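*Asks:* sequence and predicted structure, then a few things I'm wondering about:
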Amino acid sequence: MAKNTAVGIILIFSLVILCNGIVSAQATTPPPQTFGTTIYFDYTSYLSKNGPVTSTAKNNFFAFRRAYFTYENKINDNLKFRFRYDADNTANLTSVDIKTGSTKKDDKLRPFMKHLYLEYSNLLPNSAIRVGMTETIQFKLAEDKWGYRSVAKTLMDGYKDVTGVEVNAPSADLGASLTGSLAKYIRYGFMISSGNGYSHPENDQYKKLAAQIQLIPLAGFSLVGYLDTEKQDKDNSATTYKLDGYFEMVKNLILGAEYFVYKNDKYLTPDQMRYDVSGFSLFGRYVFSPDVFALFARFDKNEPNNTVQNDEISLAIAGLDWAPFHKSMKLQPNIWYVTYANSAKKDDVIFNLTFFLSF
C-alpha cells in the first residue's frame, strides 16, 4: 500500500507540473527537440598475464561498452522531457529446450531504458525538479569534473566492478530530485528514490533519501558534502558519507578528489561485527587545446572491508584525449594499472584504445 501511494503521489505531481507547463507554453513555434547518440568502443590488450583480471585466455579484443540514444523535448522555458536508451552486453536467458532442459544465452548488445523524466525549472528560484527515472545526485558532479566517463566510471559508480563489493550507488533511479542554488556560493541537491536503481524494480516499502551541498568559497575552488540513507529492513539501515573537492583556479586544469564511506548494518564479519566499505580518488586533466587535445590521470584506492588486512585494491589510469578530425569523434588511448595489497595477487596492466563517438 505504501509503495502504491508513493507511486501515485509521483504520478500526480508529474501531471500537475506537466499541465502547468502546457498552460504556460502557449507558443507559436514548435518546441525544440533534440536527438543524440553517444558510443564508447574499446580495443583492449592485456599487457600482463598473471593478474586476477588478465590471467585469462581473453586478450586483444574489441567491445562496445555503452551505446546511448537520447531524445529531449524542451516544451517551454521551464518544462523539459528526456528519454534515454542505453545498451550493454549482458547474458540473457532467451530460450529453453523443452526436451533436454538446456538453456541458451544471448550476448547481443541489448537496449534498456536509462532515463525517463520530466524536468521543471524555477518553481523555486534557480532550481530544477526532476520526476521519473532520473540521474542520481551521488556522483554526477564528480563525473562531470572527471570528464572521462568514456574511459572509466567514477569511484563509486565503478566500485563494484573493481572490488566486487556493492555500495548501492546507481547512476539513475526512480524518484524525484530537487537541485539548485541559494546564492552564488551555495548549491544544493535533494532526492528521494526507490534505492534499487534503474535496472531493478522497487521490491520494498523503503526509500533512499539523499542530500548534497556544494560550497564555493573561492572562484575555481569548491567543496561538496553528500549524505544518503536507506532502510534495508525494519532493523537495519545503510548510509553513505561522501566528500569531494575540486580545484579549477588554473586555466585549462581541473583537479578533483573524492572520498566516501559506506556503512551497511547487514555487512557483518563472521563474529557479527559490522564492517565499513570506503575509497578515495584523485584525478586531473589538462586541456592543451579545447575539443582537440588533453591529458588525464587518476588514482583510486579501494577498501572493501575495513576489518580485513591486505584487501585494498589500487587503480591508476593515465591517457590522452585527441580529436584529430572533429570533437564528435575522439581517440582516447589509456592504460590501467591495478595493484593488490594481497601479495598473492599479481598486478594487472591493461591497455585500452577507446573510441568516443558523440553526435
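*Replies:* Right, received. Where do you want to start? Numbers count the residues shown, from 1 in each chain.

*Asks:* quick one, helices of this structure?
*Replies:* Per DSSP state H, the chain carries helices over the ranges 2-23, 140-146, 159-163.

*Asks:* lowest average pLDDT across those?
*Replies:* Lowest mean pLDDT within these: helix 2-23, a mean of 46.

*Asks:* what residues of stretch 173-192 count as buried?
*Replies:* 173-180, 187, 189-192 (16 or more other Cβ atoms under 10 Å). For every residue, glycine as well, the C-beta is placed using N, CA and C.

*Asks:* got these as CSV, with pLDDT columns?
*Replies:* What follows is those, written out as CSV (pLDDT from 0 to 100):
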residue, pLDDT
173, 95
174, 95
175, 95
176, 97
177, 97
178, 97
179, 97
180, 96
187, 96
189, 97
190, 97
191, 97
192, 97
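
*Asks:* distance of the closest residue to residue 252 other than its chain neighbours from residue 331?
*Replies:* With sequence-adjacent residues excluded and distances taken as Cβ to Cβ, 6 or more residues apart in numbering, residue 252 is closest to residue 287, at 4.3 Å. In this view, residue 287 and residue 331 are 16 Å apart by Cβ to Cβ, to the nearest Å.

*Asks:* so what touches stretch 36-51?
*Replies:* Stretch 36-51 is contacted from outside by 53-55, 58-70, 72, 149-150, 335, 338, 345-359, using Cβ atoms under 8 Å, 6 or more residues apart in numbering.

*Asks:* pLDDT weak spots in the chain?
*Replies:* For the chain, applying pLDDT under 70 flags the ranges 1-31, 89-106.

*Asks:* 90 instead, please
*Replies:* By pLDDT under 90, the low-scoring segments of the chain are 1-32, 57-58, 64-66, 87-112, 183-184, 195-205, 269-272, 359.

*Asks:* closest to the centroid, which residue in it?
*Replies:* Taking Cα atoms, centre = their mean as the criterion, residue 171 is the residue nearest the geometric centre of the chain, at 3.7 Å.

*Asks:* ramachandran angles for that one?
*Replies:* As for residue 171, its main-chain torsions (degrees, to the nearest 10) stand at phi -80, psi -20.

*Asks:* what about it, distance to residue 80?
*Replies:* 19 Å.

*Asks:* same check, this time on residue 108
*Replies:* 32 Å.

*Asks:* who has more neighbours out of the two?
*Replies:* residue 80 (20 against 11; other Cβ atoms under 10 Å).

*Asks:* is the more buried one in contact with residue 33, as I believe?
*Replies:* No. Here residue 80 does not reach residue 33: they are 10.5 Å apart, not a contact under Cβ atoms under 8 Å.

*Asks:* contacts for stretch 318-335, please.
*Replies:* Contact with stretch 318-335 is made by 47, 148, 150-152, 285, 291-298, 317, 349-359, as judged by Cβ under 8 Å, 6+ apart.

*Asks:* which ones are touching the residue nearest to residue 252?
*Replies:* Contacts of residue 287 (Cβ under 8 Å, 6+ apart): 252-253, 293-294.

*Asks:* any idea how far residue 248 is from it?
*Replies:* According to Cβ to Cβ, residue 287 and residue 248 sit 11 Å apart.

*Asks:* and for residue 154?
*Replies:* 17 Å.

*Asks:* those two: which has the busier surroundings?
*Replies:* When residue 154 and residue 248 are compared for neighbours, residue 154 comes out ahead with 27 against 15, by other Cβ under 10 Å.

*Asks:* which ones are touching the more buried one?
*Replies:* Contacts of residue 154 (Cβ under 8 Å, 6+ apart): 139, 142-143, 146, 258, 281.

*Asks:* I'd guessed residue 303 sits against residue 312; true?
*Replies:* Yes. Here residue 303 reaches residue 312: they are 5.5 Å apart, a contact under Cβ under 8 Å.

*Asks:* return the set of residues that bridge with residue 186.
*Replies:* With DSSP bridges applied, residue 186 shows beta-bridge pairing to residue 183, residue 215.

*Asks:* scratch that, residue 302 is what I was asking about
*Replies:* When assigned by DSSP bridges, residue 302 has beta-bridge partners residue 279, residue 313.

*Asks:* distance of it from residue 235?
*Replies:* For residue 302, the distance to residue 235 - Cβ to Cβ - is 28 Å.

*Asks:* who has more neighbours, the two?
*Replies:* Counted by other Cβ under 10 Å, residue 302 and residue 235 do not tie: residue 302 has more neighbours, with 21 against 8.

*Asks:* circling back to that earlier point, export the contacts of residue 154 to TSV and tack on distance to residue 324 and neighbour count?
*Replies:* Output for those, formatted as TSV (distance: Cβ to Cβ, whole Å; neighbours: other Cβ atoms under 10 Å):
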residue	distance to residue 324	neighbour count
139	31	24
142	29	23
143	25	18
146	23	24
258	31	25
281	29	24
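
*Asks:* which of these sit farthest apart?
*Replies:* 143 and 281 (11.4 Å; Cβ to Cβ).

*Asks:* let me see the contact set for the residue nearest to residue 212 when sequence neighbours are not counted.
*Replies:* Nearest non-adjacent residue to residue 212, counting by Cβ to Cβ, 6+ apart: residue 189, 4.0 Å away. Residues in contact with residue 189 (Cβ under 8 Å, 6+ apart) are 137, 177-179, 210-213.

*Asks:* over to residue 206?
*Replies:* 195, 230-233.
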